[in-house]
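K.L.:
this one's sequence-less:
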């Protein structure tokens, strides 16, 4: 095997894993910190993509369109938490059903608002060569983005007052309230942050994955499985799982076919869930 | 007792009068429509449905069929296969339709084709597809894979060179198209140097792009289906490959992908299909004017919409020719070599194969997210379907032919 091919495979597999991690992190935060499986996560990602797209269409530069998308999805996320999620804490299947339905509503609303095809914004046409192989720069920058995003969420959840309140509110809601934490408000914020992360993903991935009403579906299954395999230690677990499953699938696809890449993903997922029914991190002593 | 009987009789006659009156008032011909108006496939389904309504309106404005107004009983299949069979049954059992226009994917066609065969109702399938459907009640107005690839592969080998790479979706449209690419490549003295069949949910095409570079082809035949696979073209261009490797397709643009792909990635991509909005003809100008008056000009018209338009007009012509909407007479009329001045040129319904002989256009994406027509191949025959399927000789044939090997 030529070293240049190997190097490109490694780099692009790392970028595949990073894209999966970026798309999944919001789901991991909401699941890990609140025990809520947000099946509308993919649709929040779609909302982020459309927000960013609309922002660029009215003339905002792409770098400002990203925070706009985050703001929009956090806002919608907060409303959803107040109206729906709040009433369903501790009822995991009811939340799944409710968020699934919500996803359908979002999907159809996007069709009504934006139609079925919207112009893409395209990727920066930058590329570089390794030996005989040419690689696009933008997907590779996702590796750095994923690392920064992970660090940001980790610090936010472990080193800040909000992070401590967030974990306290969901782990010991009564105790948290007793010491004066407004746990309801903290939960709204946490859910909004999870949705904001989805919005961030939709916006930053927009050049790679064009905005379409049904784009949420592409991430729903793999993102959901990644979080479930990761288990209770949401952040570290998800990062590791995304790297292993997403990267592994991409390497497999490079050497064999994309279908076998998918088979790898689902087979390893099944195997890991058989070995660790509660997720790979169920026996770890870490918190996040 | 007597009174009651009289009563009943009176009521009976009253209801029969009402029934007569209502059947007189609704003496119109009903046609059914099932398209994906919601869900992932509505990128195609909404336009197909728009085309159907516009075509029916056009037929009615021209006096209907045999002087009767045509009405549509429409259903939204929600991009779900089970809904197709459910609504097909409903339309047969309850609505009393004279013809059905439905379906986008081949799986949807194969799910409902037996229902209309059983009910003996003409069924029109209007989408480009992998080819080979053969059934007395089924009429196909889209172009088949061999019909498009025959001309496209010849052109691509001549224009780019003899080394070909295939990127296609991993289901029968992709794999059967792959078969034809292999065959027409061999016919043109070219060679397939690699192929990758992808699930519709794949969003990251880095592995495919590396394999393409490792195989270093002259041209990639890319058949992206669905929103996710459109990303392949974007990623291919961003890797800087578009300038050295040609990209040709038989379905790029069928769902307005040229709008989704950024202009810098879409410029220069080549597609071969039965219709592009930039076709220059009076029929197309009139069709586009009618379309824009009804639906605006925001979204370019896709080939599938024109296929539905053609299907409705061919059916109406057959009903007028037969003088009745009854199935046997209509099928006989449809099998009489009908032609229609379509937006995409003159189309002829082949009596034996129930497929359309029609123009195939090769077009190149331009910088304004549109297509410039490079070459027109007039009156291309659905050769494979004509060869396999002769429903005049063999009216009992009901098969989906798949090329062997």
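P.N.:
Noted; the coordinates are in hand. Worth saying up front: this structure is predicted, and the values here are computed from it rather than measured.
K.L.:
How about the residue in the stretch 51-200 of chain B that chain A sits nearest to: which residues does it bridge to?
P.N.:
Among the residues of the stretch 51-200 of chain B, residue B:198 lies nearest to chain A; the distance is 4.5 Å by C-beta to the nearest C-beta. C-beta coordinates here come from the backbone N, C-alpha and C atoms, glycine included. Beta bridges link residue B:198 to residue B:169 when assigned by DSSP bridges.
K.L.:
Quick one: residues contacting it.
P.N.:
Each residue near residue B:198 by C-beta atoms under 8 Å, 6 or more residues apart in numbering or on different chains is listed here: A:258-259, B:167-170, B:205, B:208, B:229, B:232.
K.L.:
Just the ones in helices from those residues, please.
P.N.:
Among those, the residues falling in helices (DSSP state H) are A:258-259, B:208, B:229, B:232.
K.L.:
Where does pLDDT dip in the stretch 101-250 of chain A?
P.N.:
Under the criterion pLDDT under 70, no range of the stretch 101-250 of chain A is flagged.
K.L.:
I'd like to know which residues of it are adjacent to chain B.
P.N.:
A:107-108, A:111, A:115-127, A:132-139, A:207-210, A:212, A:214-215, A:217-219, A:221, A:250 (C-beta under 8 Å from any C-beta of the partner chain).
K.L.:
wait, isn't residue B:148 in contact with residue B:361?
P.N.:
No. Counting by C-beta atoms under 8 Å, residue B:148 does not reach residue B:361; the two are 9.6 Å apart.
K.L.:
list the residues that contact both of these two?
P.N.:
B:272-274.
K.L.:
Show me the two of the contacts of residue B:198 that sit farthest apart.
P.N.:
A:259 and B:232 (15.2 Å; C-beta to C-beta).
K.L.:
Could you check which of the two has the larger neighbour count?
P.N.:
More neighbours surround residue B:232 than the other of residue A:259 and residue B:232, with 25 against 16 (other C-beta atoms under 10 Å in any protein chain shown).
K.L.:
what's near enough to touch the residue in the stretch 1-150 of chain A that chain B sits nearest to?
P.N.:
Across the stretch 1-150 of chain A, no residue is closer to chain B than residue A:122, which sits at 2.4 Å (C-beta to the nearest C-beta). Taking C-beta under 8 Å, 6+ apart, we find residue A:122 in contact with A:207, B:234, B:261-265.
K.L.:
And residue B:109, by the same measure?
P.N.:
Taking C-beta under 8 Å, 6+ apart, we find residue B:109 in contact with B:102-103, B:125, B:129, B:133, B:138.
K.L.:
same question, residue A:205
P.N.:
A:19, A:22-23, A:45, A:49, A:142.
K.L.:
of the shared contacts of residue B:148 and residue B:361, closest to residue A:11?
P.N.:
residue B:272 (34.9 Å).
K.L.:
which stretch of helix or strand covers the closest one?
P.N.:
Assigned by DSSP states H and E, residue B:272 falls within strand B:270-273.
K.L.:
helices and strands around that strand, which ones?
P.N.:
Secondary-structure packing of strand B:270-273 (3 or more C-beta pairs under 8 Å, 6 or more residues apart in numbering or on different chains; DSSP states H and E): helix B:145-159, strand B:246-249, strand B:356-365.
K.L.:
right, is the next helix or strand after it up against chain A?
P.N.:
Where DSSP H and E defines the elements, the next helix or strand beyond strand B:270-273 is helix B:282-295. No. Helix B:282-295 stays out of contact with chain A when judged by C-beta under 8 Å from any C-beta, the minimum separation being 10.9 Å.
K.L.:
do stretch B:176-186 as well
P.N.:
No. Stretch B:176-186 stays out of contact with chain A when judged by C-beta under 8 Å from any C-beta, the minimum separation being 12.5 Å.
K.L.:
Report the distance from that stretch to the chain centre.
P.N.:
Between the centre of stretch B:176-186 and the centre of its chain there are 21 Å (C-alpha atoms, centre = their mean, to the nearest Å).
K.L.:
Okay, buried residues for that stretch please.
P.N.:
Neighbour-count burial for stretch B:176-186, with 16 or more other C-beta atoms under 10 Å in any protein chain shown as criterion, is recorded at B:176-185.
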